[in-house]
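# Got a sequence here, can you model it:
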Amino acid sequence: MKKERTYDIQPALLTDVVELGGLFDAYRVFYGAESSLQRAEAFVHGLITQRKTHFFVAREAEALPALGFVHLMPSISTVAMRPIWLLEDLYVAPAGRRKGVATALLAHAEGFARETGAERLTLATAHDNRSAQSLYKRMGYVKEEHFWYYHRMLAT
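Numbers count the residues shown, from 1 in each chain. Below you'll find the predicted structure:
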């Protein structure tokens, strides 16, 4: 029987900005954005400072490099009249892949959502990200079949 690895998952602090900014930049590049490490660090810094969203960072042990992160954004279910959390970003560095890091981050996010009284944890991924889809299904996530989502892109 394979032993599950455990990871130290903690809320991101300002002292994590440089390391988390690097992971965040790699995440953006994974989804086709142009690398901009300085902007990624500034963006992460702003989100941590504002305390409106939550980043959690996974490490094998406290002093070791970060292997991945999950980023949660708050919303509400007006029908249920309860909070919900949007799992906006999940990324695992190549060194942490296929080792249970993403599973641990998802479990941590779910625990956080439960602790805050959330009705649900919602996420989205690219249609071609089969490994992520497989993980989400294994962890009990159900693909949305009831609603269609529409977006209107706003000029910057």
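
# wait, what's in contact with the residue nearest in space to the middle of the chain?
Averaging the C-alpha coordinates of the chain gives a centre point, and the residue nearest to it by Cα atoms, centre = their mean is residue 70 (2.5 Å). Contacts for residue 70 were tallied using Cβ atoms under 8 Å, 6 or more residues apart in numbering; they are 55-56, 58, 87, 89-90, 105-106, 108-109. The C-beta positions use only the backbone N, C-alpha and C, and glycine is treated the same way.

# Of these, which is the nearest to residue 27?
Nearest to residue 27, judged by Cβ to Cβ, of the contacts of residue 70 is residue 89 at 6.0 Å.

# Contacts only, for the closest residue to the closest one other than its chain neighbours.
Nearest residue to residue 89, sequence neighbours excluded (Cβ to Cβ, 6 or more residues apart in numbering): residue 71, at 3.8 Å. Neighbouring residues of residue 71 by Cβ under 8 Å, 6+ apart: 47, 53-55, 87-90.

# If any of the residues you listed are buried, give me the ChimeraX selection for them.
To isolate the buried ones among the contacts of residue 71 in ChimeraX, judged by 16 or more other Cβ atoms under 10 Å, type:
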select :47,53,54,55,87,89,90
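
# What is the nearest of the contacts of residue 71 to residue 66?
Using Cβ to Cβ, residue 55 is the member of those that sits closest to residue 66, with 10.2 Å.

# Please name the residues that touch the closest one.
Contacts for residue 55 (Cβ under 8 Å, 6+ apart) come out as 11-12, 16, 20, 44, 47-48, 69-72.

# same check, this time on residue 80
Each residue near residue 80 by Cβ under 8 Å, 6+ apart is listed here: residue 119.

# Per-residue pLDDT of it, please?
Residue 80 carries a pLDDT value of 93.
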